[in-house]
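Asks: sequence unknown, structure follows:
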């Protein structure tokens with residue numbers, strides 16, 4: 001059975017598979033972009049995972065800023 005060709009001689013089934021694959025990749029990229037927009041630096045997630053280092057750093061910065069002479 002002959003395969004259908006478009007005007008430029010490309011196999012239509014191959015082109016359709018390529019378009020479907022590209023659409024899936026585009027959807028994935030858009031999901032990643034949406035996540036990046038909603039969670040720009042992910043700092044809240046990092047703090048939730050390990051709050052103690054952040055607390056200690058904040059405490060030390062507070063001491064350093066409070067100890068400076070005007």
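Replies: In hand now; what should we look at? Computed from a predicted model, the values in this text were never measured in an experiment.
Asks: just checking, residue 54 touches residue 47?
Replies: Yes. Contact criterion CB atoms under 8 Å: residue 54 and residue 47 qualify, at 5.0 Å. The way it works is simple: take the backbone N, C-alpha and C, and place the C-beta from them, glycine included.
Asks: got the contact list for residue 28?
Replies: For residue 28, the contact set (CB atoms under 8 Å, 6 or more residues apart in numbering) is empty.
Asks: that one belongs to a helix?
Replies: Yes. Assessed with DSSP: H, G, I helix; E, B strand; the rest coil, residue 28 lies in a helix.
Asks: can you pull up the most central residue in the chain?
Replies: residue 32 (3.6 Å; CA atoms, centre = their mean).
Asks: make sure it is indeed in a helix.
Replies: Yes. With three-state DSSP as the criterion, residue 32 is assigned to a helix.
Asks: which stretches of the protein form helices?
Replies: Using DSSP state H, the helices of the chain run over 12-38, 43-49, 51-67.
Asks: who's in contact with the last one?
Replies: Helix 51-67 is contacted by residues 46-47 when judged by CB under 8 Å, 6+ apart.
Asks: switch the cut-off to 6 Å
Replies: Contacts with helix 51-67, where a contact means CB atoms under 6 Å, 6 or more residues apart in numbering, come from residue 47.
Asks: from the chain's centroid, how far away is it?
Replies: 30 Å (CA atoms, centre = their mean, to the nearest Å).
Asks: what average pLDDT does it get?
Replies: The pLDDT scores in helix 51-67 average 95.
Asks: equivalent analysis for the first one, please.
Replies: Model confidence over helix 12-38 averages 93 on the pLDDT scale.
Asks: so how far is residue 13 from the residue nearest to the centre of the chain?
Replies: 29 Å (CB to CB, to the nearest Å).
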